[in-house]
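1. what would the 3D arrangement of this be:
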Amino acid sequence: MPMKLITEEDDEKLTISRVLYAKRFDLIVDRDLCKGCILCQLMCPRKAITLKSVPKNPDGKAKASIIKVDVEKCDYHGECAVICPFGAIKIMVDGEEKFPVVEKEAFPLLIRDIKIDDESCEPECKICEEKCPLDAITVRFQALTSKEMEERKKKKLPETSRRTIVDVKKDLCAACRICEAECPVGVIRVSKFFEGSIKIDQSLCPEGCQNCYDVCPVDALYLDEDEKVDVKYRFYIYCGACVNVCPKLEALELNRTSVRHTPIKSGAWNKALEELTSTSGLKKELRTNGQ
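-> So this is what the prediction gives:
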């Protein structure tokens, strides 16, 4: 039995804790990183996570839903932390970050596949950093030696006295591919870890409603010439933040069909995958893996 159950919450962070005689478990939600998507709620096998609507900003713009976690129900296995595209949830065991559900081989990790040939970057270019909607990219410059500059000439790379180094915080990257699209020399490749379809029936949208557009964390939604919300399909990440704020769900149809993840054979994951995608999505994966 736990010695103590603790919930601490403010505008920046939610922490729930289970303190045992010999061990402490903490689940921490970074409110700034959390974008109000539905994935953690879908993944929680104990239904410990719920999403709460919040009032709009004074300017009338919608705000993303916030998550609440029931300290009585949470088992700290970390399905929510594994599936979060934004790195907003952490499971700590005795102060050390852990993925217990992965360690038990019950859940896979998302494959965050980002490849950047920064040697071929345009000199002094920081466009990927500037365009990243999640602040997952940092660009820095490092002085080159004369030998390194000569080697660049031999490789017919752009002449520069400083090398461009692109650092990506992969746990914060939701694979929207905006950096890939904006790169002027095409040296960035990003693979999405969720695939699917999204449809917005504008005829069903309430007059003047732009809630989904307001909360989209990666600017994958836009306003067309009639001020109606439409989709930039290339950048859409299937997180579901838009679904949570839609006042008329019939207007927005979101389906996930597949998830790119590390190899796994687990009944727990099969059940979770069915929640994330559909029965047909689960069957497709089972066929692919020969199960």
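2. what sits up against the helix or strand encompassing residue 199?
-> Counting by DSSP states H and E, the element that carries residue 199 is strand 194-200. For strand 194-200, contacts defined as Cβ atoms under 8 Å, 6 or more residues apart in numbering pick out 85, 175, 212, 229-231, 233, 236-239, 251-260, 277. Placement of C-beta: from N, CA and C, glycine included.
3. could you redo the last one with a cut-off of 10 Å?
-> Applying Cβ atoms under 10 Å, 6 or more residues apart in numbering, the external contacts of strand 194-200 come out as 39, 83, 85, 110, 174-175, 212-213, 220-221, 228-231, 233, 236-240, 242-243, 246, 251-260, 276-278, 281.
4. next: stretch 137-156.
-> 114, 116, 118-121, 123-132, 157-169, 172-173, 178-179, 188.
5. quick revisit: give the buried residues for the strand holding residue 199.
-> Buried residues in strand 194-200, counting neighbours by 16 or more other Cβ atoms under 10 Å, are found at 194, 195, 196, 198, 200.
6. pipe those residues into JSON lines and attach distance to residue 12 per row.
-> Shown next, in JSON lines, are the buried residues of strand 194-200 (distance: Cβ to Cβ, whole Å):
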{"residue": "194", "distance to residue 12": "27"}
{"residue": "195", "distance to residue 12": "33"}
{"residue": "196", "distance to residue 12": "32"}
{"residue": "198", "distance to residue 12": "31"}
{"residue": "200", "distance to residue 12": "32"}
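7. break the protein into its domains for me.
-> 4-103, 113-191, 194-282 (automatic domain parsing).
8. so residue 46 versus residue 66, what's the distance?
-> Noted for residue 46: a distance of 19 Å to residue 66, by Cβ to Cβ, to the nearest Å.
9. give the residue from these two that has the larger number of neighbours.
-> residue 66 (18 against 12; other Cβ atoms under 10 Å).
10. which SSE is the most centrally placed residue in the chain in?
-> For the chain, residue 85 is the residue whose C-alpha lies nearest the centre (Cα atoms, centre = their mean; 1.9 Å). Using DSSP H and E, residue 85 is not contained in any helix or strand.
11. that one - nearest residue in space that isn't next to it in sequence?
-> residue 174 (4.0 Å; Cβ to Cβ, 6 or more residues apart in numbering).
12. that neighbour - how many residues pack around it?
-> So residue 174, with other Cβ under 10 Å, has 28 neighbours.
13. OK, contacts around residue 87?
-> Contacts of residue 87 by Cβ under 10 Å, 6+ apart are 30, 33-34, 81, 112, 134, 136, 169-174.
14. kindly list the main-chain dihedrals of the residue nearest to it when sequence neighbours are not counted?
-> Excluding the flanking residues, the one nearest residue 87 by Cβ to Cβ, 6+ apart is residue 171, at 3.8 Å. Per-residue torsions, residue 171: phi -70, psi -20 (degrees, to the nearest 10).
15. on the three-state scheme, the residue nearest to residue 85 is what?
-> Three-state assignment for residue 174 (DSSP: H, G, I helix; E, B strand; the rest coil): coil.
16. show me where pLDDT drops low in the stretch 151-291 of the chain?
-> Applying pLDDT under 70 to the stretch 151-291 of the chain picks out residues 278-291.
17. now do the strands in it.
-> Taking DSSP state E, counting those that start in this stretch to define them, one finds strands in the stretch 151-291 of the chain at 162-168, 188-191, 194-200, 221-223, 229-231, 252-259.
18. strands of the stretch 1-150 of the chain, start to end?
-> Using DSSP E, counting those that start in this stretch, the strands of the stretch 1-150 of the chain run over 4-9, 13-19, 24-30, 49-52, 66-69, 89-93, 96-98, 113-116, 137-143.
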